[in-house]
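A.B. asks: give me the fold of what follows.
(chains A and B)
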Amino acid sequence: EPEVTQTPSHQVTQMGQEVILRCVPISNHLYFYWYRQILGQKVEFLVSFYNNEISEKSEIFDDQFSVERPDGSNFTLKIRSTKLEDSAMYFCASSERLAPGSQETQYFGPGTRLLVL
Amino acid sequence: KQEVTQIPAALSVPEGENLVLNCSFTDSAIYNLQWFRQDPGKGLTSLLLIQSSQREQTSGRLNASLDKSSGRSTLYIAASQPGDSATYLCAAGDTGGFKTIFGAGTRLFVKA
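C.D. replies: Predicted structure coming up:
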């Protein structure tokens, strides 16, 4: 069964460094998402992406963050100048389309655990 | 601003019991409502998705209902099993489905 994959599974970085989290969505999916979950807290929406542009973003997704689909398979989240409070699990998700039916279902990757020291 | 609340925060039941998990949302103009399962340290697995025009969805022992007017959704689990132990998350799809707001989840423990 197709699945969303994410790399790396764990990332440790120093405060102020840039990190890039990578995701490979399911191949026929058109909508992509990033979420984060700080330990013990809710899953928080960061950004959605469709047709090579951001569709929606949350207040969390400020200029420190950027997303990109550099090729036909990868979807990346870049965090510039990381802060301690960026430490969290970052989940990528994809859905086939936003139209009535199960195609709206979001499929999540296993996550990347980011630790900023 | 959409807010999603789940009650109870935690629930412990004996195996075989039927149970109901509750979810409420503040803005009834949702695009869809999804229920997910999250196992410790793992990603999220979609269980059921209810479109805004629907009232319920069923998959095996799971049934989810949606009442937009009252801002509520419930997840019914029949004949619970120890393997059902996990955190169940409710998520409201907003603004055409491009933004999804999650509740804090209900942590379920099914005792054998």
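A.B. asks: so what's B:Lys1 up against?
C.D. replies: By C-beta atoms under 8 Å, 6 or more residues apart in numbering or on different chains, B:Lys1 lies in contact with B:Thr26, B:Asp27. Yep, even glycine has a C-beta here, placed from its N, CA and C like the rest.
A.B. asks: now it: how far from B:Ile101?
C.D. replies: Distance, B:Lys1 to B:Ile101, using C-beta to C-beta, to the nearest Å: 9 Å.
A.B. asks: burial check on A:Pro2, number of neighbours?
C.D. replies: Under the neighbour criterion other C-beta atoms under 10 Å in any protein chain shown, A:Pro2 is assigned a count of 11.
A.B. asks: three-state assignment of the nearest residue to it once chain neighbours are set aside?
C.D. replies: Leaving aside its sequence neighbours, A:Pro2 sits nearest to A:Ile26 (C-beta to C-beta, 6 or more residues apart in numbering or on different chains; 4.5 Å). The local conformation at A:Ile26, judged by DSSP: H, G, I helix; E, B strand; the rest coil, is coil.
A.B. asks: what separation do you get for A:Ile26 and B:Asp39?
C.D. replies: Counting by C-beta to C-beta, the gap from A:Ile26 to B:Asp39 is 20 Å.
A.B. asks: which one of those two is surrounded by more residues?
C.D. replies: The residue with more neighbours, out of A:Ile26 and B:Asp39, is A:Ile26; 18 against 11, by other C-beta under 10 Å.
A.B. asks: show me the contacts for the more buried one.
C.D. replies: The contact partners of A:Ile26, by C-beta under 8 Å, 6+ apart, come to A:Pro2, A:Glu3, A:Val4, A:Ser94, A:Glu96, A:Tyr107.
A.B. asks: which of the residues you listed are buried?
C.D. replies: Neighbour counting over the contacts of A:Ile26 (16 or more other C-beta atoms under 10 Å in any protein chain shown) leaves A:Val4, A:Ser94, A:Glu96, A:Tyr107 as the buried ones.
A.B. asks: keep those residues, but drop any that are not near chain B.
C.D. replies: A:Tyr107 (C-beta under 8 Å from any C-beta of the partner chain).
A.B. asks: out of the buried ones among the contacts of A:Ile26, which one sits closest to chain B?
C.D. replies: Nearest to chain B, judged by C-beta to the nearest C-beta, of the buried ones among the contacts of A:Ile26 is A:Tyr107 at 6.7 Å.
A.B. asks: all strands of chain A, in order?
C.D. replies: Under the criterion DSSP state E, chain A contains strands at A:5-7, A:10-13, A:19-24, A:31-37, A:43-50, A:53-57, A:65-68, A:75-79, A:88-95, A:107-108, A:112-116.
A.B. asks: where are the low-confidence patches of chain A?
C.D. replies: For chain A, the stretches with pLDDT under 70 are A:98-103.
A.B. asks: contacts only, for the residue positioned nearest the centre of it.
C.D. replies: Nearest to the mean C-alpha position of chain A, by C-alpha atoms, centre = their mean, lies A:Trp34 at 2.8 Å. Contacts for A:Trp34 (C-beta under 8 Å, 6+ apart) come out as A:Leu21, A:Cys23, A:Leu46, A:Val47, A:Val67, A:Leu77, A:Tyr90, A:Phe91, A:Cys92, A:Ala93.
A.B. asks: before I go, just wanted to say thanks for your time.
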